[in-house]
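> Just the structure for this:
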Amino acid sequence: MHTQKLTVLEKIGFGAGDMAVNVVISSMFLIITFFYTDIFGLKAIDVGVLFIAVRLIDAITDPLMGLITDKYTSRWGRYRPYFLFLSVPFGISIFLTFSTPDFSYNAKLIWAYSTYIFVTLMFTSVTIPYISLIGVLTNSPQERLSANGYRLFFAKIAAFLVSIVVPIMAATWGKENLAAGYQASMGLMAAIATIMFLFCFFTTTERVKHKIEQKSLLTQIKILLKNDQWLVLCAVCIVGTIGYVIRNGVAAYYAKYYLGGDATIMSAFLSTGVIAAILAMVASTWITKFYCKVKLFRWSQVIVAIISVIMYLAVNPGDMVPAFILYFLLSFVVDLQAPVFWSAIAEAIDYGEYKTGKRVSGLGFGGISFSQKAGMGIAGLVLGSLLTYYNYVPDQAQSQFTLMGIALMLSVIPGFFHFVMGLLMFKYKITDDYYKQMQEDHQLKPGLTGKYIVE
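You can find the predicted model right below:
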């Protein structure tokens, strides 16, 4: 079997797609909860209900999008056309989500639901094709891992822009109207996302072809449920995303209220976590050349739980230096697993075909996407409920009880979810050696429907 090596330009183009995706993901992880409570003006519990309610729509749209990508292929390929035709609507949806109309509270709540549903639909329509793309760029696990290293590096660039540029730019452009500042700054991010998706379209090539049999939804679900490694990744994705969203969602509150910082400190704190994550992408790619990627995934998340407890015990309100140091360390170790996870999805899809003789690609990737957004929805509800429980009041001095809750939400609570995430990965068995053997066996078994064809 010929192994396709990707060019640096194609890896950069592939990474640009995730930069576009992560304008939304980073804003959802880092600032949207803070935006809705402190800028837009919603109650914390209403924000939590909004997040979980919209996930019910994802339960329909994510599998549907997976089925669509399996069914239709154009002259540009199976996945890339969505970047070309939906990049502009995707950008518009981001801009509208971060726009604050001068409406009554109930009307603003309707606006929030409408625009959040719109951005979620656009996100689904481009993200499921995007996360599926790696499976048709190359058939090499190492090349996939390398491409995902580029991808996650560019994703963190988007997170860096959202975390450092948006708060400062919003404060600068919106001195008398902070809501207008956020609208303008996120509008800029939306324009960048649109350009990045177009760049991804023009620089990537779908060269690995899989023959996909048309199967009913029920049949595909039954096949996927036999794929134990895909099920492990779904569980890992849900649990890990809950931890990510709770920690990153409360980071702005932690910087402003627990550390007593202004917009500059908030931006610096958020960007500290992003810089650490960027460095983790580089470190992970290097470490996995010498150390088992699955073991790295497992033990890094166990260590996250330990660091989280240390941070909660060691940092008191206003302790800037230890807070920044420990948050940097925490964010670095958390993201050592990221390139491993996103390359593992394509391998788990291949494993399912190897095990059952039938390939379910679109719905498999769609299921992972839904798992991520289900985790986001659950975390959003938990975050809104915890802010309400700890008596959070926007833009006021917080009580000791509230500050304790904010500290727990940044450290111990998400640390628990990452610990569980690490334990779940002990059920995952597709190492590089296992995958290589699987590929060799694949070539010997007749009749497998997705046998690789590399152009």
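> Which residue ranges of the stretch 251-400 of the chain form helices?
Ranges of helices within the stretch 251-400 of the chain are 263-287, 293-314, 320-334, 338-356, 362-389, 400-410, based on DSSP state H, counting those that start in this stretch.
> if we compare these, which one ends up closest to residue 438?
Using C-beta to C-beta as the criterion, the shortest distance between residue 438 and the helices of the stretch 251-400 of the chain is 5.1 Å, found for helix 338-356. For every residue, glycine as well, the C-beta is placed using N, CA and C.
> buried residues in that closest one?
Counting neighbours by 16 or more other C-beta atoms under 10 Å, one finds that the buried residues in helix 338-356 are 338-354, 356.
> repeat for stretch 288-308
So for stretch 288-308, counting by 16+ other C-beta under 10 Å, buried means 288, 293-294, 296-305, 307-308.
> just these now: which is nearest residue 181?
Relative to residue 181, the closest of the buried residues of stretch 288-308 is residue 308; by C-beta to C-beta it sits at 32.6 Å.
> Let me see the confidence value for the closest residue to that closest one other than its chain neighbours.
The shortest distance from residue 308 to any non-neighbouring residue, by C-beta to C-beta, 6 or more residues apart in numbering, is to residue 415 (2.7 Å). In this prediction, residue 415 carries a pLDDT score of 96.
> what is the rounded mean pLDDT of the biggest helix by length in the chain?
Of all the segments of type helix in the chain, defined by DSSP state H, the longest one is helix 105-137. For helix 105-137, the mean pLDDT works out to 90.
> Low-confidence bits of this structure, can you list those?
Where the chain drops to pLDDT under 70, the residues are 1-4, 29, 210-215, 442-455.
> which stretches of the stretch 101-250 of the chain form strands?
In the stretch 101-250 of the chain, the segments counted as strands under DSSP state E, counting those that start in this stretch are 208-209.
> residues contacting residue 168?
263, 264, 267 (C-beta atoms under 8 Å, 6 or more residues apart in numbering).
> count of neighbours near residue 219?
When neighbours are counted by other C-beta atoms under 10 Å, residue 219 registers 13.
> no wait, residue 286
Burial of residue 286 is recorded as 11 neighbouring residues (other C-beta under 10 Å).
> measure it to residue 310 for me?
Here the criterion is C-beta to C-beta, to the nearest Å. By it, residue 286 lies 26 Å from residue 310.
> So the residue nearest to residue 308 sits against residue 310, correct?
No - because the distance of 9.6 Å does not satisfy C-beta atoms under 8 Å, residue 415 is recorded as not touching residue 310.
> With neighbour numbers in mind, choose between the two.
Each of residue 415 and residue 310 has its neighbours counted (other C-beta under 10 Å); residue 415 has more, 28 against 16.
> so which helix or strand takes in that one?
Residue 415 is part of helix 412-424 when elements are defined by DSSP states H and E.
> Any buried residues in that helix, and which?
413, 414, 415, 416, 417, 418, 419, 420, 421, 422, 424.
> got it, and stretch 224-239?
Neighbour-count burial for stretch 224-239, counted by 16+ other C-beta under 10 Å, picks out 224, 227, 229-239.
> so of those, which ones are in helices?
Applying DSSP H to these, the entries found in helices are 224, 229, 230, 231, 232, 233, 234, 235, 236, 237, 238, 239.
> that older thread, can you say which of the contacts of residue 168 are buried?
Buried, going by 16+ other C-beta under 10 Å: 263, 267, out of the contacts of residue 168.
> ok, residue 76 to residue 82 distance?
Looking at residue 76 against residue 82, where the rule is C-beta to C-beta, the gap reads 10 Å.
> Please report how far residue 207 lies from residue 305.
For residue 207, the distance to residue 305 under the criterion C-beta to C-beta works out to 41 Å.
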